[in-house]
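> I'll drop the sequence and a predicted model, then ask my questions.
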Amino acid sequence: MIIWRVPARFFSSSHTIKIGRVSRQGRRPLKPYLVPITQKKFREESTSQTQLAHLKWLLQKDIAQQDVFLIGHPGPSRRRLASLYCELVNREVEYLVLSRDTTEGDIKQRREITAGSSLHVAGPAVRAAVEGHALIIEGIERAEQNLLPLINNLLENREMHLEDGRFLVAHQRYDALESPSSDLIRVHPDFWVIALGVPVPPYRGYPLDPPLRSRFQARVVQDLPFNEHKQALLEEMNGTEEKKIHSLLSFASFFKQSEAKALPYLKSTVVDSLAGILHRAPSTDINKLVSVAYPYQQLLQPEALPQFQTMLSSLGIPASGVSGERCQVVSSTGVEGVSSTGVEGVSSSGVEGVSSSGLRGHSATVQCGRHCFSVPAGNSPGGSPSAYHPTPQQETLLSDMLLSHAVSDICVIGPTGCGKSIVVEEFARRLGYETDTVVLYSDMTSRDLLQYRHTDADGNTIWKHSPLVRAALTGKLLVLDSVHKLHHTTLATLASFCEDRVLSLPDGTRLIPAAAHSETCERLGITADQLSSQGVLPIHPAFRIIASGSEKGDWITPEVLGLWHFHHHAPLNLDHQLQLISRLVSGLLLSFITLTSTIMHP
């Protein structure tokens with residue numbers, strides 16, 4: 001049993017957290033704006049026993065001041081569990097996401113030039129150690145070998161040599177000194193590390209060295225058990241057909257079985273967004289939903305498809321989807337914030353950060369058969385004329401993308417030159433979005449994606465936001481072109497951004513959902529501008545991501561599955577090509593092209 005007593009004022013130390021026989025007094029954070037606010041609120045009556053067991057274990061390790069390592073399949077479950085616990089006990093959090101380009105400066109200190117003087121600015125690990133925050137290290141298996149001694153020393157001895165000549169010292173040794181040197185910095189006794197990682201193998205990364213592994217108390221965090229997950233979805237998506245949710249969960253559970261070990265793993269949290277589509281458009285073909293979450297036609301070898309389709313049929317999922325009802329935008333209105341549905345009583349689950357927070361947003365009404373629902377939209381409905389010429393195949397693709405847009409970001413995959421870019425442009429035009437396009441390449445680093453260093457006219461070093469960050473703050477549609485070229489560790493740094501709309505930037509700024517930003521302001525009794533001045537910025541509620549990539553290659557890994565809904569753009573067949581050409585050219589040239597195409601495609 002869990003007891004969570006909340007007093008009249010938030011962030012007070014007078015409440016008690018009790019799970020079973022384990023309890024502790026609440027903390028009063030000095031920087032309450034750094035306490036995470038999770039999207040799915042803790043509710044005593046509906047929290048699963050599995051989650052309570054994890055929270056109880058974290059509470060025990062927190063009391064014992066033991067650093068922890070949460071290990072499990074790729075997905076947001078471990079990150080959300082750590083954030084939920086820190087929210088319950090009022091712990092400020094610093095995030096450190098590791099990739100192949102992470103350096104010691106990203107962890108310890110970075111050098112800046114201000115007013116002609118050089119100074120060192122603390123990184124997330126140093127800020128957490130000195131101020132007593134929880135440090136969440138995501139992707140510990142991606143840590144390069146040169147970083148392991150640094151992380152290991154911080155965990156074992158609470159020591160770290162800083163670039164400015166000072167030295168972090170554990171609080172016990174610091175307090176034992178009669179006259180400590182000014183070069184010594186006391187590590188706060190409340191400093192705590194939560195590492196998140198996946199097992200290596202079977203997933204890509206570096207196995208943890210035994211010295212580093214021994215510093216943690218480890219716990220395996222799996223997906224929710226079938227029945228608990230099903231019950232939670234039925235309660236949240238009230239009115240959704242139980243049989244379809246059962247089939248989707250059965251499909252996700254298939255990847256936990258031994259016969260699926262050779263297949264890319266699918267996290268069961270993807271079912272939440274699929275159920276959100278069923279809740280808005282109950283007639284949606286379930287096979288189409290499966291293909292959106294797990295593009296098996298492109299992931300699997302041709303010889304493996306018949307066996308996979310047989311498995312789908314055994315789960316009550318037809319092997320081939322029907323065309324279904326087509327979705328279209330019917331209207332668009334400006335609202336304060338963006339509601340995820342225009343139908344009374346429909347849950348907003350799956351639309352992260354869609355809420356009123358003082359940001360001016362727009363919504364578009366989408367009709368799918370007899371059902372209507374609202375989706376985020378830009379502020380210029382209709383947009384400017386485009387060069388798009390509709391074909392039945394592309395209209396079906398745009399209809400499917402509208403469904404996904406209600407609950408998730410999107411990734412369009414297909415061969416080069418098939419028309420992915422023009423479809424994305426038309427999608428943005430119909431929803432009134434302005435777009436920012438980022439062309440990705442193999443050597444791109446996580447800092448290139450987020451921020452870049454710049455020198456102003458006075459010689460001071462400053463950080464400039466990348467198009468990705470600017471789009472998130474202004475509510476544009478971000479287009480990530482050629483996402484398949486990005487290194488897998490760099491792409492993994494966007495996981496929390498895509499799944500939870502939380503992002504920590506190199507300069508220490510933090511982006512959070514607009515709803516969380518608004519709730520933090522309400523709790524603290526401050527304005528949105530005052531919170532933003534502390535380096536906590538709201539992501540615009542209309543912001544969305546559309547990635548485009550190749551249908552070939554091994555870039556769609558278990559880490560990538562679940563970041564987006566995947567939509568395949570196949571090359572246009574001959575009839576559609578000729579139909580499109582006939583709209584663009586005429587006369588003798590059209591006859592020549594038609595004859596040539598007939599010869600090439602007899």
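That came through fine.
> And Arg79, how far from Gln393?
38 Å (CB to CB, to the nearest Å). For every residue, glycine as well, the C-beta is placed using N, CA and C.
> which element follows the helix or strand bottoming out on mean pLDDT in the chain toward the C-terminus?
Within the chain, no helix or strand scores below strand 2-4, which has a mean of 43 by mean pLDDT, DSSP states H and E. Downstream of strand 2-4, the first helix or strand assigned by DSSP states H and E is strand 16-19.
> ok, and for that following strand, which residues are buried?
The neighbour-count check on strand 16-19 (16 or more other CB atoms under 10 Å) flags Ile17, Ile19 as buried.
> Strand partners (parallel or antiparallel) of it?
With DSSP bridges as the test, strand 16-19 is paired with strand 2-4 (antiparallel), strand 22-25 (antiparallel).
> Of all the residues in the last one, which ones are buried?
For strand 22-25, the neighbour count (16+ other CB under 10 Å) marks Val22 as buried.
> go on, stretch 448-465?
The neighbour-count check on stretch 448-465 (16+ other CB under 10 Å) flags Asp448, Leu449, Leu450, Gln451, Trp463, His465 as buried.
> Of Arg79 and Gln393, give the one with the bigger neighbour count.
Relative neighbour count places Arg79 above the other of Arg79 and Gln393, with 24 against 16, counting by other CB atoms under 10 Å.
> Give me the secondary structure label for that one.
Using DSSP: H, G, I helix; E, B strand; the rest coil, the secondary structure recorded for Arg79 is helix.
> Which pLDDT value goes with it?
pLDDT for Arg79: 96.
> Is it possible to get the buried residues of stretch 448-465 out as TSV so that each row also shows pLDDT, distance to Val200 and secondary structure?
What follows is the buried residues of stretch 448-465, written out as TSV (pLDDT from 0 to 100; distance: CB to CB, whole Å; DSSP: H, G, I helix; E, B strand; the rest coil):
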residue	pLDDT	distance to Val200	secondary structure
Asp448	92	26	helix
Leu449	94	24	helix
Leu450	95	26	helix
Gln451	93	29	strand
Trp463	92	33	strand
His465	95	33	strand
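> could these go into TSV alongside distance to Ser548?
TSV is the format used below for the buried residues of stretch 448-465 (distance: CB to CB, whole Å):
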residue	distance to Ser548
Asp448	18
Leu449	16
Leu450	20
Gln451	23
Trp463	28
His465	22
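> with the residues you listed in mind, which one is nearest to Val412?
Leu449 (19.3 Å; CB to CB).
> so the closest one sits right up against His465, yeah?
No: judged on CB atoms under 8 Å, Leu449 makes no contact with His465 at a distance of 11.0 Å.
> mean confidence for stretch 170-190?
What stretch 170-190 shows for mean pLDDT is 93.
> End to end on it, go ahead and measure it.
For stretch 170-190, the first-to-last residue distance is 11 Å (CA to CA, to the nearest Å).
> And stretch 493-506, end to end?
Using CA to CA, one end of stretch 493-506 lies 12 Å from the other.
> and for it, what are the contacting residues?
Residues outside stretch 493-506 that contact it (CB atoms under 8 Å, 6 or more residues apart in numbering) are 36, 39, 75-76, 79-80, 83, 94-97, 99, 106, 110, 124, 138-139, 269, 352-353, 409, 446-447, 449-451, 463, 465, 469, 472, 510-513, 539, 545, 559, 562-564.
> Contact partners for Arg510?
Contacts of Arg510 (CB under 8 Å, 6+ apart): Leu34, Tyr95, Val502, Leu503, Ser504, Gly535, Val536, Leu537.
> how about TSV for those, with secondary structure added?
Below are the contacts of Arg510 laid out as TSV (three-state DSSP):
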residue	secondary structure
Leu34	helix
Tyr95	strand
Val502	coil
Leu503	strand
Ser504	strand
Gly535	coil
Val536	strand
Leu537	strand
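> For PyMOL, what selects the buried ones among the residues you listed?
Selection command for PyMOL covering only the buried members of the contacts of Arg510, criterion 16+ other CB under 10 Å:
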select buried, resi 34+95+502+503+504+536+537
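> of the contacts of Arg510, closest to Ser363?
Nearest member of these to Ser363, counting by CB to CB, is Leu537, at 22.2 Å.
> Quick check, pLDDT for the closest one.
Turning to Leu537, the model gives it a pLDDT of 97.
> can you check Gly382 too?
Gly382 is given a pLDDT of 58.
> Please identify the buried residues of stretch 543-552?
Phe543, Arg544, Ile545, Ile546, Ala547, Ser548, Gly549, Ser550, Glu551.
> Show only the entries of those found in helices.
Per DSSP state H, helices hold no members of those.
> can you redo the residues you listed as CSV with pLDDT and distance to Val366?
Formatted as CSV, those follow (pLDDT from 0 to 100; distance: CB to CB, whole Å):
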residue, pLDDT, distance to Val366
Phe543, 96, 18
Arg544, 97, 14
Ile545, 98, 19
Ile546, 98, 16
Ala547, 97, 21
Ser548, 96, 22
Gly549, 95, 25
Ser550, 93, 29
Glu551, 89, 26
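> Would you agree Leu224 is in contact with Ser48?
Yes: if you go by CB under 8 Å, Leu224 and Ser48 touch, sitting 6.1 Å apart.
> Now for these two: what residues contact both?
With CB under 8 Å, 6+ apart as the test, Leu224 and Ser48 both reach Ala232.
> When those two are compared, which one has more neighbours?
Under the neighbour definition other CB under 10 Å, Leu224 and Ser48 were set side by side, and Leu224 has more, 19 against 15.
> Using the three-state scheme, assign that one.
Of the three states, Leu224 takes coil under three-state DSSP.
> Likewise for the one 5 residues further on?
The three-state assignment at His229 reads helix, by three-state DSSP.
> Do a quick rundown of the helices in the stretch 501-602 of the chain.
Taking DSSP state H, counting those that start in this stretch as the criterion, the stretch 501-602 of the chain carries its helices at 514-524, 528-533, 574-584, 587-600.
> and those, which one is worst for confidence?
helix 587-600 (a mean of 55).
> And stretch 126-136, end to end?
Start-to-end, stretch 126-136 (CA to CA) is 13 Å.
> Contacts for it, please.
With CB under 8 Å, 6+ apart, stretch 126-136 has contacts from 30-31, 34, 79, 82-83, 86, 91-96, 107-109, 122, 124-125, 154, 158, 160, 162, 168, 185-196, 508.
> From the residues you listed, which land in strands?
The strands, defined by DSSP state E, take in 93-96, 109, 122, 160, 168, 185-186, 192-196 from the contacts of stretch 126-136.
> Just the buried ones from the contacts of stretch 126-136?
34, 79, 82-83, 86, 91-96, 107-109, 122, 124-125, 154, 158, 160, 162, 168, 185-187, 190-196.
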